[in-house]
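A.B. asks: Return atomic coordinates for the entry below.
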Amino acid sequence: MANDPIIRVEELTAKYGDNVVFDRVSFEVMRGEVFIILGGSGCGKSTMLKHMIGLYTPFAGRVRIQGDDITRAEGEVRRRILRRLGVMYQSGALFGSMTLLENVRLPLEEFTDYPPEAMDAIAASKLRLVQLEGFEDYMPADISGGMKKRAAIARAMALEPEILFLDEPSAGLDPITSAELDATILRLSRTLGVTFVVVTHELPSIYTIADRVIMLDKETKGIIATGTPAELRDHCENDWVRRFFLRETAAGGEPEVRTT
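C.D. replies: Numbers count the residues shown, from 1 in each chain. The predicted model follows:
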């Protein structure tokens, strides 16, 4: 993991009408790290991710991807920025009428002029990276939920992005499948050097994959903690943050998670 920022979020403010989701939030994501955005319901985790990938326009502030401001980029500049990013949405968002190979090659069809055989070869190589070799001709309806998530990651990697954004990757998965997905994320991060930005509230995944974490808060409309999971569990001065990270061992199950 290099010690230089690949993403800079600068004084970012998001609003829906008169409702401020977060206000003047700033942080950096370092090249090659697995960076987790977490917090209670309604704190703006997914909204933050959608601003970072340029889907939403902020009320104020900027998001710089390797120095380029995605919040204001247009035309060829925006297209160049988007080629550096891969996105996996919470549902996986695979097209049910297409095979896995066809799903993965979609970004290549949109952003490149490679011949069809080259697109097929690249798509097949991405499926191999997520251990789906042999499933190229399967339809999404014919594979498990965990396999769908891995296929969606393969599609997100089709253009060799430097940054992968994952929105709740473990949502809806059983603990064993979720652990397998975590292992895939870690392997891709460590072997390929890809930077991951992950929105999640799944504590086992956070402990397993996170290099660094920020916690957004609905009440303060900003970041209330940043650090490694162990630092926040053991040393954070915010009691709610500590309880969030200690819930794995709390008697009787998970503690109350603040949502207001």
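A.B. asks: May I ask which helix or strand of this protein has the lowest mean pLDDT?
C.D. replies: Every helix and strand in the chain was compared by mean pLDDT, DSSP states H and E; the lowest is helix 239-246, with a mean of 86.
A.B. asks: Now stretch 37-47: buried residues?
C.D. replies: I37, L38, G39, G40, C43, G44, K45, T47 (16 or more other C-beta atoms under 10 Å). C-beta: built from backbone N, CA, C; applies to glycine.
A.B. asks: pLDDT and secondary structure for the residues you listed - can I get that in JSON lines?
C.D. replies: Output for those, formatted as JSON lines (pLDDT from 0 to 100; DSSP: H, G, I helix; E, B strand; the rest coil):
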{"residue": "I37", "pLDDT": "96", "secondary structure": "strand"}
{"residue": "L38", "pLDDT": "91", "secondary structure": "strand"}
{"residue": "G39", "pLDDT": "86", "secondary structure": "strand"}
{"residue": "G40", "pLDDT": "81", "secondary structure": "coil"}
{"residue": "C43", "pLDDT": "86", "secondary structure": "coil"}
{"residue": "G44", "pLDDT": "88", "secondary structure": "coil"}
{"residue": "K45", "pLDDT": "91", "secondary structure": "helix"}
{"residue": "T47", "pLDDT": "93", "secondary structure": "helix"}
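A.B. asks: any idea which helix is longest in this protein?
C.D. replies: In terms of residue count, the longest helix belonging to the chain (DSSP state H) is helix 175-192.
A.B. asks: Would you mark the buried spots in that one?
C.D. replies: So, applying 16+ other C-beta under 10 Å, buried residues of helix 175-192: T177, S178, A179, E180, L181, D182, T184, I185, L188, S189.
A.B. asks: so what's the fifth one up against?
C.D. replies: For L181, the contact set (C-beta atoms under 8 Å, 6 or more residues apart in numbering) comprises G146, K149, R150, P169, S170, L173.
A.B. asks: Point out where the stretch 101-250 of the chain drops to low pLDDT.
C.D. replies: For the stretch 101-250 of the chain, the stretches flagged by pLDDT under 70 are 248-250.
A.B. asks: residue ranges for the helices of it, please.
C.D. replies: Listed in chain order, the helices of the stretch 101-250 of the chain (DSSP state H, counting those that start in this stretch) span residues 116-129, 145-156, 175-192, 203-209, 229-235, 239-246.
A.B. asks: Ok, which of those helices comes nearest Y89?
C.D. replies: Nearest to Y89, of all the helices of the stretch 101-250 of the chain, is helix 145-156, at 7.3 Å by C-beta to C-beta.
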